[in-house]
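**Q** Provided below for reference: sequence and predicted model.
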Amino acid sequence: MLLPLKEALTQIETHFLVGASGTFDVLENNLPHLEKGKKYVCLSVNDYDNYYQQLVKTTLEERLQMEGIPNLRAEMLVVAFILVKYVFSLLPNSQRFYISDYAMKEGILAEMMTASA
């Protein structure tokens, strides 16, 4: 399923990853040094890797008890983090990524509301 992404990234120069919602909300909520209340935050790959190393060693029961991880995300969170790490491996020149406060549909609605005001 990820082969088309891998092929596209060999043709398009990409310097960073942008994530929103779900897995990225969990990451943002669990890295206390990030500045909150902005439209987006920037993380280094090292920030991601440090939290990744901690998270992948946890059991489902441990994740269900962790503050900042919604119960509905706990089961698949490790899989999601592994997938994000794989995508990072496809971006060898990338040292950072962004977490947006808005998913695509929310961002489009926010822009539409601003434009019509």
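**A** Now that the structure is in, tell me what you want to look at.

**Q** for the rest of this, base every contact and every neighbour count on C-alpha atoms.
**A** Fine.

**Q** give me the most central residue, this protein.
**A** residue 24 (3.1 Å; Cα atoms, centre = their mean).

**Q** contact partners for that residue?
**A** residue 99 (Cα atoms under 8 Å, 6 or more residues apart in numbering).

**Q** how about it, phi and psi?
**A** phi -70, psi -30 (degrees, to the nearest 10).

**Q** run through the strands of the chain in chain order.
**A** Ranges of strands in the chain, per DSSP state E, are 17-20, 40-44, 96-100.

**Q** just to revisit the earlier point, can you give me the pLDDT of the residue nearest to the centre of the chain?
**A** What the model reports for residue 24 is a pLDDT of 89.

**Q** how about the strands of the chain in JSON lines, adding distance to residue 73, mean neighbour count and mean pLDDT?
**A** As requested, these are exported to JSON lines (distance: least, Cα to Cα, whole Å; neighbours: other Cα atoms under 10 Å; pLDDT from 0 to 100):
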{"stretch": "strand 17-20", "distance to residue 73": "14", "mean neighbour count": "16", "mean pLDDT": "87"}
{"stretch": "strand 40-44", "distance to residue 73": "21", "mean neighbour count": "16", "mean pLDDT": "86"}
{"stretch": "strand 96-100", "distance to residue 73": "17", "mean neighbour count": "19", "mean pLDDT": "87"}
